[in-house]
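J.: Provided below for reference: sequence and predicted model.
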Amino acid sequence: MSEFAHPAPCYILGIESQIGLSLIRELGAAGIPVIGIAVDPKALGLESNYLTAGVVLEAPRTDAGLAQLRTLAAQYGPGYLLTVSEANNSWLIANRGALGGLVPLIPEQDAFAVVLDKARTLSLAASLGIAVPQGACPRSWDEVEALALSFPFPAVLKWADPNAVAGRLGELGIELVKAEYVYTPEEFLAVARRYQPVGAWPLVQEYCAGTGLGQFFFMHKGEAVRRFQHLRVAEWPPEGGFSSVCDAVPLERFAALQEDSIRLLQAIGWEGVAMVEYRYDPVRDRAVLMEVNGRFWGSFPLASYAGAGFGLLTYYLQGVGKMPALPALNNGLRCRMVATEIKRLRRILLQPGLIRDRSFRRRPVHEVIRFVVDFLRPSVRYYVWNWRDMKPFFRDVRNALGL
């Protein structure tokens, strides 16, 4: 907690996506001066009516970038700094003492290291009795070949810490694939050979049917002071990734699972905002943990529209040291990203061969009807479009058109 004049400015680093834009809107609507810091001069957030000022960081994650942040604090006044990506969180964690008049509202280093490592997170969750997918992380080619003989395929291949390997993959011209499906030992070995020059391999994880269930918490002194949850209605890519359409879910549902999520965050030693992500199979009524995201998440606009107030909690409770007044949750909302939905429909209708999950059930007529009807539902909100703040939407359209 810092003794600033209040409301002190909130500096938001990373306003290129709907996440940073929603934080700007949530904090700005509450009367907090918001300084948006972009890397891309075409960032959505730079167009928001809720900004006090918008700037472009000329040299992100460098000493020059730190100097520019200190200059901003001198220009607009001391305040609080938050960000939305793992890479920027890691950068700020490593440079907490070099930010001048800015107090970073970021995770503690040890807890953040756990959630960055999916294998560590899943191991800890399993020790708490939380259902996790069977998995293994090969560290040599011999272990890869042994897994090919013993693992119960199908499986999903995911990097335990994508940020740690992204640089090396880029140097070798190898694409960073978030999730890759393999159905036989031969397919697994074919993918694994791609990574032999890297000398590292993705986590091999049991395939879990179902849809994404996200549970969101604000942890303060070991207690969950706010919670929210959603179910994904549609995902991109269609077989699973991030939500292009999601529904708020009343807290009466999955109550026991929420307590499991809180126990996991407590065991990690987590403070602040976090997403605990499961794959939920309604046929078996079973949820399996996928990962913990120690940051604001892609579908954050839904939580903001529903009044969860995670941005306000970060500013006031983690920063100022006071609990803000928050409204009752609105659990009757749906939120959608139309541009991503269009990509998804194109894949389902015209490119079904590109859907990696062979068990994915295509329902083209259902998908088209739901896409159209959602425009008519008064309870639907949008990741970017907001009639009170329209300019970011038009910036998004221009970006999509390359203008």
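T.: Yep, that arrived.
J.: let me see the domain layout of this protein.
T.: 10-106, 134-206, 211-397 (automatic domain parsing).
J.: pick out the residue nearest the middle of the protein.
T.: residue 297 (2.8 Å; Cα atoms, centre = their mean).
J.: quickly find the element holding that one.
T.: According to DSSP states H and E, residue 297 maps onto no helix or strand at all.
J.: report pLDDT for it.
T.: On pLDDT, residue 297 comes in at 96.
J.: for the residue lying closest to residue 192 once chain neighbours are set aside, helix, strand, or coil?
T.: Leaving aside its chain neighbours, residue 192 sits nearest to residue 144 (4.7 Å; criterion: Cβ to Cβ, 6 or more residues apart in numbering). C-beta here means a position set from N, CA and C on the backbone, and glycine is covered the same way. Using DSSP: H, G, I helix; E, B strand; the rest coil, the structure places residue 144 in helix.
J.: quick one, what contacts residue 337?
T.: When contacts are counted by Cβ atoms under 8 Å, 6 or more residues apart in numbering, residue 337 touches 18, 244-245, 382-384.
J.: out of the domains of the chain, which one sits most buried?
T.: Neighbour counts (mean count of other Cβ atoms under 10 Å) averaged over each of the domains of the chain peak at domain 10-106, with a mean of 20.
J.: mean confidence (pLDDT) on it, please.
T.: So the average pLDDT for domain 10-106 ends up being 97.
J.: next: stretch 275-288.
T.: Computed over stretch 275-288, the mean pLDDT rounds to 95.
J.: gap between that stretch and the chain center?
T.: 18 Å (Cα atoms, centre = their mean, to the nearest Å).
J.: next one: stretch 128-136
T.: Centroid separation for stretch 128-136 versus its chain: 21 Å, with Cα atoms, centre = their mean.
J.: again with stretch 70-86
T.: On Cα atoms, centre = their mean, the centre of stretch 70-86 falls 21 Å from the chain's centre.
J.: CA atoms only for it - export them in CSV, please.
T.: The C-alpha trace of stretch 70-86 is given here as CSV (Å, rounded to 0.1, in the frame of the first residue of the first chain):
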residue,chain,number,x,y,z
ARG,A,70,9.6,6.5,-14.7
THR,A,71,9.2,9.5,-16.9
LEU,A,72,5.5,8.9,-17.2
ALA,A,73,5.2,8.7,-13.4
ALA,A,74,6.9,12.1,-13.2
GLN,A,75,4.6,13.5,-15.9
TYR,A,76,1.2,12.3,-14.8
GLY,A,77,1.9,11.7,-11.1
PRO,A,78,2.8,8.7,-9.0
GLY,A,79,0.3,5.8,-9.1
TYR,A,80,-0.3,2.1,-9.6
LEU,A,81,0.8,0.0,-12.5
LEU,A,82,-0.8,-3.2,-13.8
THR,A,83,-0.5,-5.3,-16.9
VAL,A,84,-2.3,-8.2,-18.6
SER,A,85,0.4,-10.5,-20.0
GLU,A,86,2.7,-13.1,-18.5
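J.: how about the helices in the stretch 51-200 of the chain?
T.: In the stretch 51-200 of the chain, the helices defined using DSSP state H, counting those that start in this stretch lie at 63-76, 86-94, 109-116, 118-127, 141-150, 162-171, 185-194.
J.: same question for the third one, mean pLDDT?
T.: I take that to be helix 109-116. Here helix 109-116 scores 96 as its mean pLDDT.
J.: now it: buried residues?
T.: 111-116 (16 or more other Cβ atoms under 10 Å).
J.: so residue 275 makes contact with residue 218?
T.: No. Contact criterion Cβ atoms under 8 Å: residue 275 and residue 218 do not qualify, at 11.0 Å.
J.: show me what contacts residue 10?
T.: Residue 10 makes contact with 27, 32-35, 79-82, 315, 319, according to Cβ under 8 Å, 6+ apart.
J.: closest one to residue 283 out of those residues, please.
T.: Closest approach to residue 283 among the contacts of residue 10 (Cβ to Cβ): residue 82, at 39.3 Å.
J.: before we move on, the earlier item: from the buried residues of helix 109-116, which is closest to residue 289?
T.: Using Cβ to Cβ, residue 115 is the member of the buried residues of helix 109-116 that lies nearest residue 289, at 11.9 Å.
J.: so what's the closest one closest to, chain neighbours aside?
T.: Closest to residue 115 by Cβ to Cβ, 6+ apart is residue 294, at 4.0 Å.
J.: show the pLDDT at the one you found.
T.: For residue 294, pLDDT reads 96.
J.: I'd say it and residue 89 touch.
T.: Yes. When contacts are counted by Cβ under 8 Å, residue 294 is listed as touching residue 89 (7.4 Å).
J.: can you list residues touching both of those two?
T.: 107, 112.
J.: from residue 136, how far off is the residue nearest to residue 192?
T.: Look at residue 144 and residue 136: by Cβ to Cβ, to the nearest Å, they are 10 Å apart.
J.: repeat that for residue 59.
T.: Residue 59 sits 40 Å away from residue 136, going by Cβ to Cβ.
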